[in-house]
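[1] have a look at this fold, sequence not included:
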């Protein structure tokens, strides 16, 4: 009988063994993993492991089975973080690295999951501890055509701390957006939003209610604070703070309240794509183990568009941007 022996790292500490095995033994179906546990073919430091057993840093997991070696693959492969096949010349703008997170500046047009995640994993390869179950990944969302700060977890503890701040609404997220329409005064948008998987679009609850009754029942509260920074003709440069984090929240609420993002055709924008939305600052609580704030530089393409439209704020840089 073959035996595969794996060693848990710090990023596996405290996790259930069945969940670790689902990641470390991705070649095996979940039913096969449960069967191995049920038949006593998974040992934790030499003792039979149960489905809910918790794994500690440094413990050894042994998996016994006639064809387990071939199904699981080499143990040393399972212990190493995935190394994507992207070029070593790929570059990212690192805004902050520490505390178990990596904050980078995402370029507009880059897909977070397909492109940026691969580049980040390549950047972190060799810097992170080997793990059976943890892979560095994005801890929040940014649409493809949005730019700015996005945070990845580089350790399990850092990812958990950051996610807890997100869930408790203690993390302040501020954006700069170019809106269609003349927004004269500060506004607070409070709505219940529904996301349609079929349409891949968010709308306000109650719209087309006859067709979307099921989605309306799953509506989630969304709150967005909007401050106009500069008006130029039929357009507004605005600072936006979101108090919740719903899918397409800014895009959907801006459109619903009569100020779609410039170029956001999907949500009623009249101008040519792409839209202009920049996630420029995250502010953390004092005792968060992270810096007080992380900011991303204003993207040149956004500044160019503002200049073309006649805005005076197109040359915002550095400290001026952070004072907004």
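    That came in fine, so what should we check first? Remember, it's a predicted structure, so these values are computed and weren't measured experimentally. Numbers count the residues shown, from 1 in each chain.
[2] what's near enough to touch residue 189?
    Contacts for residue 189 (Cβ atoms under 8 Å, 6 or more residues apart in numbering) come out as 222, 223, 224, 225, 226, 253, 256, 257. Quick note: C-beta positions are derived from backbone N, CA and C, even for glycine.
[3] ok, residue 202 - contacts?
    Residues in contact with residue 202 (Cβ under 8 Å, 6+ apart) are 193, 194, 195, 196, 246, 247, 248, 249, 251, 252.
[4] the second one - that's part of a strand, no?
    Yes: under DSSP: H, G, I helix; E, B strand; the rest coil, residue 194 falls within a strand.
[5] neighbours of residue 252, how many?
    Residue 252 has 27 neighbours, counted by other Cβ atoms under 10 Å.
[6] what's the nearest residue to it if we skip its chain neighbours?
    Excluding its sequence neighbours, the residue lying closest to residue 252 (Cβ to Cβ, 6 or more residues apart in numbering) is residue 202, at 3.9 Å.
[7] domain parsing of this structure, as residue ranges.
    2-79, 93-167, 172-322 (automatic domain parsing).
[8] dump those domains to TSV, plus mean pLDDT.
    Conversion of the domains of the chain to TSV gives the following (pLDDT from 0 to 100):
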stretch	mean pLDDT
domain 2-79	84
domain 93-167	94
domain 172-322	90
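[9] all the helices of the chain, residue numbers only.
    Ranges of helices in the chain, per DSSP state H, are 17-24, 30-38, 68-72, 75-79, 117-124, 156-167, 213-217, 249-256, 300-309, 318-322.
[10] buried set for the second one?
    Read it as helix 30-38. Along helix 30-38, these residues count as buried under the neighbour rule (16 or more other Cβ atoms under 10 Å): 33, 36, 37.
[11] closest to residue 179 out of the residues you listed?
    Proximity of the buried residues of helix 30-38 to residue 179, judged by Cβ to Cβ, is greatest for residue 33, which lies at 49.9 Å.
[12] can you give me the strands in the stretch 201-324 of the chain?
    201-204, 220-232, 235-242, 277-283, 293-295 (DSSP state E, counting those that start in this stretch).
[13] show me how far stretch 231-246 is from its chain's centre.
    21 Å (Cα atoms, centre = their mean, to the nearest Å).
[14] just the terminal-to-terminal distance for it.
    Chord length of stretch 231-246, first to last residue, is 27 Å (Cα to Cα, to the nearest Å).
[15] give me the number of residues near residue 312?
    11.
[16] for it, which residues are in contact?
    Residue 312 sits next to residue 230 when contact means Cβ under 8 Å, 6+ apart.
[17] mind listing what's buried in stretch 124-144?
    124, 128, 130-134, 136, 138-140, 142-143.
[18] mind giving me JSON lines with these and columns for distance to residue 59?
    Shown next, in JSON lines, are these (distance: Cβ to Cβ, whole Å):
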{"residue": "124", "distance to residue 59": "24"}
{"residue": "128", "distance to residue 59": "19"}
{"residue": "130", "distance to residue 59": "14"}
{"residue": "131", "distance to residue 59": "13"}
{"residue": "132", "distance to residue 59": "10"}
{"residue": "133", "distance to residue 59": "13"}
{"residue": "134", "distance to residue 59": "15"}
{"residue": "136", "distance to residue 59": "22"}
{"residue": "138", "distance to residue 59": "29"}
{"residue": "139", "distance to residue 59": "27"}
{"residue": "140", "distance to residue 59": "31"}
{"residue": "142", "distance to residue 59": "37"}
{"residue": "143", "distance to residue 59": "41"}
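[19] ok, back up a step: PyMOL command for the buried members of the contacts of residue 202?
    If you want just the buried ones from the contacts of residue 202 in PyMOL, going by 16+ other Cβ under 10 Å, the selection is:
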select buried, resi 193+194+195+246+247+248+249+251+252
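[20] show me which of the contacts of residue 202 is closest to residue 7.
    Relative to residue 7, the closest of the contacts of residue 202 is residue 247; by Cβ to Cβ it sits at 38.2 Å.
[21] surely the closest one is in contact with residue 141?
    Yes: with contact defined as Cβ atoms under 8 Å, residue 247 counts as touching residue 141 (7.0 Å).
[22] now do the residue nearest the centre of the chain against residue 218, distance only.
    Centroid-nearest residue in the chain, with Cα atoms, centre = their mean: residue 140, separated by 2.4 Å. Distance of residue 140 to residue 218, computed by Cβ to Cβ, to the nearest Å: 20 Å.
[23] what are the bridge partners for the residue nearest to residue 252, then?
    Counting by DSSP bridges, residue 202 is bridged to residue 195.
[24] quick revisit: can you flag which of the buried residues of stretch 124-144 belong to strands?
    Among the buried residues of stretch 124-144, DSSP state E puts residue 138 in strands.
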